[in-house]
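1. sharing a model that was predicted from the sequence below.
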Amino acid sequence: MIKADLVDSVARKLNISKQEAETGVNLFFEVIKEALIQGEEIEIRGFGSFRFRQRAPRAGRNPRTGEMVKVPPKKVLYFKPSKLLREALNHQKK
């Protein structure tokens, strides 16, 4: 599903125009993006949570030259699905 499909689905289910649905979807993603940029973790009950993991600094290798390089520490965003979502995905009919 791409964003346009999501907008269509929201518009159809709420019986609103596609423009209104697109505004709502864009606002939803913007609020999530702003919270993540500020370092906040997000938890949506029944869906999942967006959390950060800290990656330690490490030694790497430049694949082109073979030269050793230092890879700095960084935060990595990951999504952890809720128990309800995991169960729904594992029990879906194929």
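-> Received it, and whenever you're ready, just let me know what you need. Numbers count the residues shown, from 1 in each chain.

2. break this structure into its domains for me.
-> Following automatic domain parsing, one gets these domains for the chain: 1-39, 41-94.

3. so of these, which one's packed in deepest?
-> Ranked by mean neighbour count, the domains of the chain are led by domain 1-39 with a mean of 12 (mean count of other Cβ atoms under 10 Å). For every residue, glycine as well, the C-beta is placed using N, CA and C.

4. quote the end-to-end distance of that one.
-> From its first residue to its last, domain 1-39 covers 27 Å (Cα to Cα, to the nearest Å).

5. so the nearest residue to V69 once chain neighbours are set aside, which of the three states?
-> Spatial nearest neighbour of V69, excluding adjacent residues (Cβ to Cβ, 6 or more residues apart in numbering): G60 at 5.1 Å. The three-state assignment at G60 reads strand, by DSSP: H, G, I helix; E, B strand; the rest coil.
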